[in-house]
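**Student:** Fold the stuff below for me.
(one chain, ligands or ions: 1)
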Amino acid sequence: MSLQIPHREKAGGRGAATKAVILVGGPSRGTRFRPLSLDLPKPLFEVAGHPIVWHCLTAIAKVPHIQEVCMIGYYDESVFRDFIKDASKEFPQIKIVYLREYQALGTAGGLYHFRDAILKGKPERFFVLNADVCCSFPLNDMLKLFEDKDAEAVILGTRVSEDAASNFGCIVSDNHTRRVLHYVEKPESHISNLINCGVYLFATECIFPSIRSAIKKRTERPRLVSYPSSENLESSFFQDDDEETKNEVLRLEQDILSDLADSKQFFVHETKDFWRQIKTAGSAVPANALYLQKALQTGSKELAKPSANILQPVFIHPTATVDPTAKLGPNVSIGPRAHIGAGVRIKESIVLEDVEIKHDACILYSIIGWNSRVGAWARVEGTPTPVNSHTTSIIKNGVKVQSITILGKECGVGDEVRVQNCICLPFKELKRDVSNEVIM
Ligand code: GDD
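**Tutor:** Next comes the predicted model:
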């Protein structure tokens with residue numbers, strides 16, 4: 001059954017008012033980002049020297065005529081207060097607001113719940129960005145396609161391997177017109193390797209009626225089973241006796257996009273640039289590498305200058321101290337007040353605030369949590385995965401383990417100890433060699 005999408009007048013062109021929404025989720029999500037999300041909400045975790053959500057904002061700030069960015073989630077109000085204060089200074093042309101859902105309303109439920117706030121100022125269209133993706137966010141290219149086609153919706157797509165495709169929303173499109181012909185969220189069998197990147201541009205006068213139709217459909221056949229999300233919305237929402245609450249939980253992917261494909265004005269912009277999800281804690285390492293490489297390509301002044309001991313790209317926070325004999329890079333971020341000793345080697349890793357790495361230690365494919373200490377001649381290492389792989393797990397001795405080694409906050413690694421492919425929860429002291437373990 002298709003949705004009734006009203007006919008739309010031609011859009012207002014380049015100068016038309018535009019907004020953006022960033023879906024930041026809430027504390028019950030991001031569980032795969034543990035142990036790092038135990039201490040910091042995932043959207044605020046720093047990759048390439050900035051919170052994940054800052055990278056979304058930076059891309060949005062490059063779109064002309066963006067008036068406002070609404071971050072929608074169900075974290076406590078206080079969580080993003082400092083971030084918004086700082087970002088508002090950095091992007092003074094954009095008003096940034098946080099809109100809190102009273103519970104997880106799903107990727108479309110929050111949009112609908114806050115429709116009055118989104119529609120304020122009469123934007124003709126608005127972007128929606130999943131906060132948990134790492135991408136070059138080609139928003140202006142999406143906008144161009146939107147205008148050229150007089151579209152009702154544009155989705156960002158990318159090609160992945162056939163094996164990986166069913167972990168994402170899959171798009172069947174007309175190669176010539178770029179029209180979306182068919183959309184299926186995480187299909188059970190292969191339908192396409194063009195997948196949904198979690199970035200959209202919607203015409204305001206089309207998307208809200210579409211959501212309203214989906215709500216109506218829901219009311220007509222209410223007892224739906226849970227959705228196939230990577231971190232399922234609790235199915236108990238559907239057992240709630242409160243009809244209003246039940247009907248407010250809506251997913252863009254399952255409830256709206258498939259029907260939008262029938263509207264004929266739904267198009268896909270396929271990016272050839274980088275794209276990754278940031279789901280597991282380990283996926284912060286490839287995301288860090290991709291954003292650092294982008295910073296290098298765009299000549300960012302934030303990166304450390306290349307030298308015999310700095311293999312670009314490397315980000316070193318101005319308050320960190322790095323011994324000149326330490327060799328860093330490529331793809332390394334060093335956080336505030338970290339101390340890196342003599343003869344240390346760090347590659348493809350993130351070192352967080354207040355970490356101390358003693359002399360001659362080696363850190364490869366790892367994340368070293370806040371306030372942790374790594375002893376002299378110690379080795380903390382993960383295993384590289386293929387650049388275009390969309391997973392951070394590997395099979396070792398027949399067992400699935402994380403390819404990236406992660407030390408949670410305030411961990412200690414003794415002198416000469418080797419930690420390999422391990423996830424270490426906060427406050428652990430590692431005094432002997434460990435590999436392929438979760439240390440609790
Ligand atoms: N505000 C809010 N409220 N945000 C939410 C909610 C919610 O109830 N549920 C999820 N989100 C946010 C998450 O924080 C994340 O940024 C984004 O919405 C998508 O999260 P998931 O629901 O976990 O979906 P997914 O990541 O498994 O799949 C989605 O993204 C893929 C690309 O990364 C789908 O859109 C797929 O089709 C897509 O391929």
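
**Student:** so how far is Ser372 from Asp39?
**Tutor:** 12 Å (CB to CB, to the nearest Å). C-beta: built from backbone N, CA, C; applies to glycine.

**Student:** shared neighbours of these two, anything?
**Tutor:** Common neighbours of Asp39 and Ser372, using CB atoms under 8 Å, 6 or more residues apart in numbering, are Gly408, Lys409.

**Student:** okay, the two: which has more neighbours?
**Tutor:** For Asp39 versus Ser372, neighbours defined as other CB atoms under 10 Å are more numerous around Ser372 (27 against 16).

**Student:** now that one, nearest residue through space, not along the chain?
**Tutor:** Spatial nearest neighbour of Ser372, chain neighbours left out: Cys411 (4.4 Å); criterion: CB to CB, 6 or more residues apart in numbering.

**Student:** State the pLDDT value of that neighbour.
**Tutor:** Note on Cys411: pLDDT of 97.

**Student:** can you check Ser37 too?
**Tutor:** Taking Ser37 on its own, its pLDDT is 77.

**Student:** and it, what are its phi and psi?
**Tutor:** phi -80, psi 0 (degrees, to the nearest 10).

**Student:** my read: it touches Ala281, true?
**Tutor:** Yes. Counting by CB atoms under 8 Å, Ser37 does reach Ala281; the two are 7.4 Å apart.

**Student:** higher neighbour count, these two?
**Tutor:** Set Ser37 next to Ala281 and count neighbours by other CB under 10 Å: Ala281 wins out with 26 against 18.

**Student:** can you pull the contacts of that one?
**Tutor:** Applying CB under 8 Å, 6+ apart, the residues contacting Ala281 are Arg32, Phe33, Arg34, Pro35, Leu36, Ser37, Ile367, Gln402, Ile404, Ile406, Ile423.

**Student:** Likewise for Leu156?
**Tutor:** Leu156 touches Cys135, Phe137, Pro138, Met142, Asn196, Cys197, Gly198, Val199, Tyr200, Val268, His269, Thr271, counting by CB under 8 Å, 6+ apart.

**Student:** and the residues you listed near the ligand, which?
**Tutor:** Asn196, Cys197, Gly198 (CB under 6 Å from any ligand atom).

**Student:** how about these in a markdown table, adding pLDDT?
**Tutor:** What follows is the ones next to the ligand among the contacts of Leu156, written out as a markdown table (pLDDT from 0 to 100):
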| residue | pLDDT |
| --- | --- |
| Asn196 | 98 |
| Cys197 | 98 |
| Gly198 | 98 |
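
**Student:** ranges for the strands of the stretch 1-150 of the chain?
**Tutor:** Secondary structure of the stretch 1-150 of the chain (DSSP state E, counting those that start in this stretch): strands located at 18-25, 46-47, 50-51, 66-73, 95-100, 125-130, 133-135.

**Student:** Give the partner strands of the third one in its sheet and their orientations.
**Tutor:** Applying DSSP bridges to the sheet, strand 50-51 is found paired with strand 46-47 (antiparallel).

**Student:** What's the mean pLDDT across the partner strand?
**Tutor:** 96.

**Student:** Give me the contacts around it.
**Tutor:** Contacts of strand 46-47 (CB under 8 Å, 6+ apart): Ile52, His55, Cys134, Ile278, Ala284, Ala287, Asn288, Tyr291, Ser333, Gly335, Ile350, Leu352.

**Student:** which non-adjacent residue is nearest the fifth one?
**Tutor:** Spelled out, that is Ala284. Val47 (5.4 Å).

**Student:** repeat for Asn193
**Tutor:** Ala165 (4.7 Å).

**Student:** quick one: that neighbour from Lys217, how far?
**Tutor:** Distance from Ala165 to Lys217, by CB to CB: 27 Å.

**Student:** between the two, which one's more packed in?
**Tutor:** The neighbour count for Ala165 versus Lys217, taken as other CB under 10 Å, is higher for Ala165 (21 against 14).

**Student:** residues contacting that one?
**Tutor:** Counted by CB under 8 Å, 6+ apart, Ala165 has contacts His190, Ile191, Ser192, Asn193, Ile195.

**Student:** how near is it to Ile340?
**Tutor:** Taken as CB to CB, the span from Ala165 to Ile340 is 40 Å.

**Student:** Would you mind writing the CA trace of the helix or strand harbouring Asn288 as CSV?
**Tutor:** In this assignment (DSSP states H and E), Asn288 forms part of helix 284-297. In CSV, the C-alpha atoms belonging to helix 284-297 read as follows (Å, rounded to 0.1, in the frame of the first residue of the first chain):
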residue,chain,number,x,y,z
ALA,A,284,36.2,5.0,16.3
VAL,A,285,39.7,4.0,15.0
PRO,A,286,38.9,3.8,11.3
ALA,A,287,36.6,6.9,11.7
ASN,A,288,39.6,8.8,13.3
ALA,A,289,41.8,7.7,10.3
LEU,A,290,39.2,8.8,7.7
TYR,A,291,38.6,12.2,9.3
LEU,A,292,42.4,12.8,9.8
GLN,A,293,43.0,11.9,6.1
LYS,A,294,40.3,14.4,5.1
ALA,A,295,41.9,17.1,7.3
LEU,A,296,45.2,16.4,5.6
GLN,A,297,43.6,16.6,2.1
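
**Student:** No further queries at this time; thank you.
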